[in-house]
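Q: dropping a prediction and its sequence here:
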Amino acid sequence: MVSDIIETLASVARGSRSKSILTKVGEVCGDKLLKVERVSPSTIKVLIKADCLHEVAEVLSAERDVYFRTMAASDERPAENLFKLYYVFGIDSEGTNIVVEVPTDGEREVPSISDVVKACDWYELEAHDLMGVKFSGRFLKRLVLPDDWPEEIHPLRKDITTEEIKKLYQPQVVKRAVELGVEEIVKIPIGPYHPALHEPEYFELYVRGEKVVDARYVGFMVHRGIEKLAESMKYDQVPFLAERICGICGFVHSVSYTQAVEEALNIEVPEKTQYIRTIILELERIHSHLLWIGVALHLLGYDTGFMHAWRIREKVMVLSELLTGSRKTYGINLVGGVRKDINKEKIEKTKQTLKQVLNEYKEFVDVATSVPQVRRRLSGTGVLPGGEARAYSLVGPTARGSGLSRDVRKDYTYGAYHFVSFSIPTYSEGDNLARTLVRIDEVYESINIIEQLLDTIPSSSEIKVDSWEPQPMKLGLGNVEAPRGEVIHVVITGKYGPYRWRVRAPTYQNLQAVPTMLRGVDLADAPITIASIDPCFSCTDRAIKINIKTGKVEFIPLEVLSRGGVR
Amino acid sequence: MDFITISLISFFAVVSAFLPPLLDGVERKVRAKIQSRIGPPTVMQTWYDLRKLAVKELKMPLGGELAVLTVFLSLITSVSSIAYLTYVLITSTLNPLSIATLIVLITASHNLTLLSSVSTSNPFSIVGSYRNVTLLLVNEFGFMAGFIATLYALVRLSTNPTPLSFLAYALGLAALIVSTYVGCGRLPYDIHEAEPELASGALIEFSGVALGTYLYTHLMMRYVFSLLVAYAISTLIIGFTNALVVIAVLALLTSIIYILYGVVAAMLGRTRVDLGVRTLFTLYVSLTLCLVVAWLFA
Amino acid sequence: MESISRMYGGMNRVINYEACIGCFTCEEVCKFLHNGEAYITLYEVGGGLNKPISCFHCAKAPCVTACPTGAMHRGSDGAVTVDISRCIGCGACVAACPFGIPTIVPPGYASKCDLCEPLRKEGLNPGCVAMCPTKAIVWGDYTTIAKELRVRALKKLIYTSAP
Amino acid sequence: MVEALPRNGSVDLAKAFDKLKRSIWVFHLNTGSCNGCDIEVLDVLTPYFDVERFGIKLVGSPRHADLILLTGPITIKTLDKVVRAIDAMPRPRLVLALGSCGVGGGIWFNTYSTLGGYPKLQELLKSLGVEVDKVVYVPGCPVRPEAIIYGVALLLGLAEPKVRYERVEAVEG
Amino acid sequence: MKFAFMCRESRGGGRGKVAVVGGGPAGLAAAGYLVCYGYEVDVYEKLPYAGGLMTFAIPPYRIPRENIIEGVEDLEKNFSVKFNYRTKVFCGDKVRHDEGDEFVQNVLDLTKLVNEYDAVLITTGIWSSRKLGVPGEEAQGVLTALEYTYGWWIYDSGLSTHKPPVGKRVVVVGGGFSAVDAAEVSHMKGSKEVILAYRRTIKEAPAGEYEIRRLIAEGIKWMDLVQPTKIVVENGRVSGVEFVKMRLGAPDESGRPRPEPIPGSEFVLEADLVLVAAGEIPTPPLEGECGGIKVDRGRRVVVNSRMQTNVEKVFAAGDVVTGPSMVGKAIGSGLKAATNIDMYLRSKKLV
Amino acid sequence: MIEIDPVKCVGCGACVRICPPKALTIEVNEKETILKYFIGRCIFCWMCVQTCPQKAIKTTNKFELSAVDVHELQMELVHNTVKCRVCGKPFITSKFVKEVGRRLNGGFKDDLLYVCPTCRRKLTAKKIATKVTGVE
């Protein structure tokens, strides 16, 4: 019986790596493994009973090249009478996703795997919050929803509508703020607002003297209920919603979403579309990295650098407007294609601008990195060793700064990246400087990639598939290397629009490792350390509050820390 | 003390009262140029800001009467320190007593603002103030050493100019420049206040007139510090001749130093409080040691 | 025969209203197959008599003519269906259909009988055809339908004329 | 303890408003936006648009601010902080509701975790006795830097509004 | 009728065993769905043929029997559904007698089925006619409409040798489909005069104006606004029905005008056969609360939105849940129950 | 912002159904059908422009859209409502009826276009019933 299962496992495997890993999964699960299927060339779905989830997680996390990518909880009671949890593990060396599908009825507890897969911590809390799935073997608390949210309302469940939720829960915070909050005003008169990162964000830092002893993240301030909203939308409306997950790197979300839907529905996208998407993605990376470099310099007090970084960035913004019609939230992406073509004239213009950007950028980087305070405060702070980075399945420049050569563009290639040659800058120090240098180098690579793509872009004008057919209840994964790291979307299709859409932004993964980075850091370097993962809280639906513990608990925003420590 | 001297002093004091905001406006323009921007519409911008703050509502922190009081007190001390400094400079009545008075006035004006921030009981301003206190503890030492050493070296130079005493003067002047620069609260040592964009540390709870006064006092202090440096330099070059010339040269030099400080600040990033303190401490101690050695050999 | 079938094109399903007893089976089965949306519904025509109305898949379908995007189209098998990826939900088909068949459903797509496309793909009959207790709904190409109807007419003749 | 003393009477709002025309300090309040508008707000400070030309300065405390740049649809979790920040501003208090989210809740106008735009917040503020002296709505998604500058100009009465409520009869053809 | 309309051929069981109690439209539709999804289905039917009221009460000129038989045979042969005819399922020892119990040869205990099968679906329908509640109803010659039409069918098909009576003057009481069918059958079988008596007017009749007009055209007499008050009995045999005239009053909760008797307007109608069609009552295979399955006051089985009864494994559908209704509605509810059984069994295996 | 051409627009509502933030809404009442455009919620994605079957929506380069009153950001386009000839319920704009009639080249009797879909079905059912059963 078990041997049969292993045989089936081997037959659906993609390569030798996935074969050996799946065999191991089959061995630990035995007859608790119910079904295996290939849902797409790069995705293998394994249906197991909840009893054996922990064993599977142990097996998978023991492999060097397997990373935990995301977990989506889905309410499939209308069709299956069950909730489903989809744990997505990726085999980086082969580019294969193993989706472990775990059904649960909402009553029985699912074993928590956050003890073996550290990165899964938030996913479980979120599933508990929004979907009402129970987990055993861990402490469950509110993560996403406000504290006074009614216990029994789980907004992402299918049997409750937005209107019903609004009827059942009205925020009472206003009353609290004015009547009860008077005392609090003493402590945080400006609230959680951090002007440099421009999002409401909260961290609680526990400090002894100058050193951060521990840090806790309290957030999800920007939780806007995107996933629920998408369930009432058309397939072609969701890209616009996806872009508004994040105003900085919105395009990655819309590409990721469309790729997920295209994978689920088997839509072949024209080659030119892939080119255009890739070019815009890289353009977005350039503007985002310049933005980050500017903000990081600003945090280090080097305002002149900030201004110049943004001056150069403005050229990229103008270029974006030329190519897409918008400065950001480009809105050119639809399922099955894009809306705007890139013609010869635009190619020429783009090349010219990029040349200018490259020259100015070189000059700027030389000057900025020679400012003494910048170097001094970046190197050696916020160290994250490679081992920790692996345990948290970190993504993007944060992982690459810790010596993990992970890049979705190479590992799980998409778009037109297989047409170009580029390198992945990796530094092994794991400190703030390493992460900064990774980003600085990536800008050069991006410019290089765009130039290569512009040289080989197909001349056809076919940029969108003619028509496609939605099929309900298909699973699709879409991943994109955002400026901040890997974005992965899980889409379960419905009749007219997505049935369930799970967004996993890079910050969601990286932010979980920030407390580790902060431990032992000088208080004054906490802001730049937090910023060094390039946090995008609106992506992650969250925010930060700073709480410095010096004997008694005080609340202090990031920016105060950026000036130094507390005696 | 004739009528002319008195009128000169009062004239200079009045100029000194109006000059700092203007200089700040110029500094903002220059900084904008460095950042390839245009900057404020006119150099009068800081004046407009202060004028606006004067008519805005004063949202008082509870128990903040003390804070407002200290802000005004520090304004008075800073104005009087300018007046007294002008008087001292013009009448050349530099002696241990006047120096001590000056130092007391300047430090008082500095620390009163800190006191005001502490009294608001807002953790942000408390943290900001504590940071500044930490910095001041080191800096005050450097300032006193530098100030006294420079003045003493100037006296020595005017009577007995030797290379060694010139060296002593240079060392003292260096300490004075560094300490006044730090005292101005400019980058990388603006850790109590940082840029206005950020949470504004020590001044977070002030609004309206109180904030205006605070900012004004702050600008005055910057002016005083620049004035001291200007005096230390100009005395060496032109000596004490005509009070009018002294005033003109001082005003010009002060402005230049003020702007120069601003330009330097625009080129640097912000330090961390431990790094800053360590750097300053090492610098001051080594300068003092050199001074002592220089004196010994002189 | 092929050409006639093409000409009559859409007439793939015929409801024999004489045989229909108004038992709601077709409506319920359709509702079941289409997630609560019934594409064949019974209307009272008077005297407590209910008869089903559904898309006729007309040969010269006005909805296809009126559709500005080509979303409403005739498939190769003769059924008039909506292409969701093209439909803009303008409601031209609703306005054009003389029988008032298409509807606009949330989140804004035209929706109408597709003769149970998933079932037909597997070689099965549409739900209403399969389950009709009186076999009043006939489905097939033109020749089958014509033959079937002729046989029935004959049977009826014999049945009624027999003593 | 902070208490807004009843001093509104002593402030000549009109005079103060007049003074604001030359110098206006803004506080940036993100209430759960996607960052798009926020980055554009930063953009207007940087060399290309450089609003310091108009005497505009970004400050870090609502106590210093004359104007709040409100971006985002106001999520339920930020709501009390938003109210407190606005309450902490000295009079005259101005608000610039930026972007589709700030003006009308944007794409999130009707989700379970947002309030849906500044007009709804204003009702709440009114019921709590927090007065705002002037509001200008600046649509855009994200709002363009030029639009922000124009919005400030409109707020200060330096420019005329260019859009008006329109009701057009369709022409039968 | 192809009950297994969701699939071409059997998927060969293996996913579980389901018992369907009652082989009417709801039960057959559910069986058809379940076999398509790979379940082994056993149908328990108390009559010798499947189809329930569809076969035994609705006259063949409405629903041709061969259509139903075709569908049942398809289920039996191609999808290996096991039909256990002449088997009544009941909970407990005291078996209630319902109409159509003549053919029952063995009685099975419901609790046994519940234990044996992975899920049980109750679709026993409405095999008990409501009485008029007037004196003399037990007399010979007073039959329920269901009994009568059903009697003719089993006689015609040779299942029974007992020929139902053909009256000279037949009075059918009621205005629903059962009444209409009984009147038409009795007319076709040679009754000389058939009178259809209803307490409201033709407009309110549940069978519909069209149907009644059709009967009138065929020669059946229509009498409205009358209500029987007494069956006149002579020598234990019916000799007539005493009616009282009615008038329409204010609308009742169903929206139809409430008929009110006109005092003193009683009259007697001669008859040698009275057919009562006053509606039917659900006949769940249990009495009281046997086995924990809840039944409401009208004997309808109580189910939740997933068609599940109090007992986790037991589902119910069709008229036994809703009360008398249309064939289509029963089929719809049977299908719904079947999907929920499928979901229930699948999810039980996965968790 | 977008500009809706009052000549070309027929009030079909395709733009309303595609608009991701529901900045475009349509209100049908007894007298008129109002197509409302609320700039304050528009995300400038131009899906309406792409979708409009009449090409009645144009984009503009206007960005100076600020207003002091949020109601100033509302634009309305008023169409005539057609009431169903049978049941009298308002269901569509008169221009849209004409447009569909034009597309159909008068494909069937014109007055049927002025009947709402539900009534059309009922009419069909009646017609069939009359043919089959003879009941009027």
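A: Structure received.
Q: and chain C, what are its domains?
A: C:1-55+C:116-163, C:57-112 (automatic domain parsing).
Q: and of those domains, who's closest to chain B?
A: domain C:57-112 (42.7 Å; CB to the nearest CB). Any C-beta I mention is one placed from the backbone N, CA and C, and that applies to glycine too.
Q: by contact count, what packs against the strand or helix carrying E:Asn115?
A: Secondary structure assigned from DSSP states H and E places E:Asn115 in helix E:110-116. Secondary-structure packing of helix E:110-116 (3 or more CB pairs under 8 Å, 6 or more residues apart in numbering or on different chains; DSSP states H and E): strand E:17-21, strand E:87-90, strand E:119-122.
Q: can you tell me the average pLDDT over the longest one?
A: I take that to be strand E:17-21. Strand E:17-21 shows an average pLDDT of 94 in the prediction.
Q: so what strands line up beside it?
A: strand E:40-44 (parallel), strand E:119-122 (parallel) (DSSP bridges).
Q: looking at those, which is buried most?
A: strand E:119-122 (a mean of 29; mean count of other CB atoms under 10 Å in any protein chain shown).
Q: follow-up on the earlier one: how about TSV for the helices and strands packed on helix E:110-116, with distance to E:Val180 added?
A: Output for those, formatted as TSV (distance: least, CB to CB, whole Å):
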stretch	distance to E:Val180
strand E:17-21	29
strand E:87-90	29
strand E:119-122	28
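Q: closest to B:Trp295 out of these?
A: strand E:119-122 (103.3 Å; CB to CB).
Q: how many other residues sit next to residue 134?
A: Picking chain A for this. Neighbours of A:Lys134 under the rule other CB atoms under 10 Å in any protein chain shown: 16.
Q: ah, I was thinking of chain E
A: With other CB under 10 Å as criterion, E:Val134 counts 16.
Q: quick one on the thing from earlier: can you put the strands paired with strand E:17-21 in JSON lines and add mean pLDDT?
A: Output for the strands paired with strand E:17-21, formatted as JSON lines (pLDDT from 0 to 100):
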{"stretch": "strand E:40-44", "mean pLDDT": "93"}
{"stretch": "strand E:119-122", "mean pLDDT": "94"}
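Q: can you name the residues that contact the residue of chain D found nearest chain E?
A: Per CB to the nearest CB, D:Tyr112 is where chain D lies closest to chain E, at 23.3 Å. Applying CB atoms under 8 Å, 6 or more residues apart in numbering or on different chains, we find D:Tyr112 in contact with A:155, A:162, A:165-166, A:169, A:225, A:228.
Q: what sits up against the helix holding E:Asn115?
A: E:17, E:19, E:21, E:44, E:89-91, E:120, E:285-286, E:290-291, E:311, E:313-314.
Q: from A:Pro458, how far off is E:Lys46?
A: Applying CB to CB, to the nearest Å, the value for E:Lys46 to A:Pro458 is 72 Å.
Q: and C:Asp77, by the same measure?
A: In terms of CB to CB, C:Asp77 sits 35 Å off from A:Pro458.
Q: show me what counts as buried in the helix holding E:Asn115.
A: E:110-111, E:113-114 (16 or more other CB atoms under 10 Å in any protein chain shown).
Q: for stretch B:73-93, same thing?
A: Of all the residues in stretch B:73-93, those buried under the rule 16+ other CB under 10 Å are B:73-75, B:77-79, B:81-90.
Q: pLDDT (mean, whole number) over that stretch?
A: Average pLDDT, stretch B:73-93: 79.
Q: report the buried residues of stretch E:251-259.
A: Using 16+ other CB under 10 Å as the test for burial, stretch E:251-259 gives E:257, E:259.
Q: no, scratch that, I was asking about stretch A:517-528
A: Neighbour counts over stretch A:517-528 (16+ other CB under 10 Å) mark A:517-518, A:521-528 as buried.
Q: buried subset of the contacts of helix E:110-116?
A: Buried among these (16+ other CB under 10 Å): E:17, E:19, E:21, E:44, E:89-91, E:120, E:285-286, E:290-291, E:313-314.
Q: residue contacts, A:Gly497?
A: A:230-235, A:237-238, C:107.
Q: that one and chain F, how far apart?
A: Separation of A:Gly497 from chain F (CB to the nearest CB, to the nearest Å): 11 Å.
Q: tell me the pLDDT at that residue?
A: 90.
Q: quick one, phi/psi of it?
A: phi -160, psi 180 (degrees, to the nearest 10).
Q: likewise for the one 5 residues further on?
A: With angles defined as degrees, to the nearest 10, A:Arg502 shows backbone torsions of phi -110, psi 120.
Q: my read is that it contacts A:Thr70, right?
A: Yes - the criterion here is CB atoms under 8 Å, and A:Arg502 meets it with A:Thr70 at 6.7 Å.
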